[in-house]
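> No letters, just coordinates:
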C-alpha cells in the first residue's frame, strides 16, 4: 500500500480526492494558501479540490 501524499499546492486534484485528510489538515492547508477556512470538512475538501485544478 502506498503512502498518502502530503497536501501541497502542486498535488493533483484527482489524487487529492482519492485520499483521506483530517479536517485539521484541510484547515491548515487553506490557511497557508490564503483560502477561507470556514465550513465543514466537505466544504473544505471541495474548496481545496477546486484550488488544485
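Arrived safely, thanks for sending. As the structure is a prediction and not an experimental result, all values here were calculated from the model.
> now the helices for this structure?
With DSSP state H as the criterion, the chain has helices at 13-17, 23-33, 41-51.
> possible to save these as JSON lines with distance to residue 4, mean neighbour count and mean pLDDT?
(Glycine included, C-beta is placed from N, CA and C.) Formatted as JSON lines, the helices of the chain follow (distance: least, C-beta to C-beta, whole Å; neighbours: other C-beta atoms under 10 Å; pLDDT from 0 to 100):
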{"stretch": "helix 13-17", "distance to residue 4": "10", "mean neighbour count": "13", "mean pLDDT": "95"}
{"stretch": "helix 23-33", "distance to residue 4": "10", "mean neighbour count": "15", "mean pLDDT": "97"}
{"stretch": "helix 41-51", "distance to residue 4": "14", "mean neighbour count": "15", "mean pLDDT": "97"}
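> can you redo those as CSV with distance to residue 5?
CSV is the format used below for those (distance: least, C-beta to C-beta, whole Å):
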stretch, distance to residue 5
helix 13-17, 6
helix 23-33, 12
helix 41-51, 13
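> Of those, which is nearest residue 6?
Nearest of the helices of the chain to residue 6, taken as C-beta to C-beta: helix 23-33 at 9.4 Å.
> just checking, what packs against the closest one?
helix 41-51 (3 or more C-beta pairs under 8 Å, 6 or more residues apart in numbering; DSSP states H and E).
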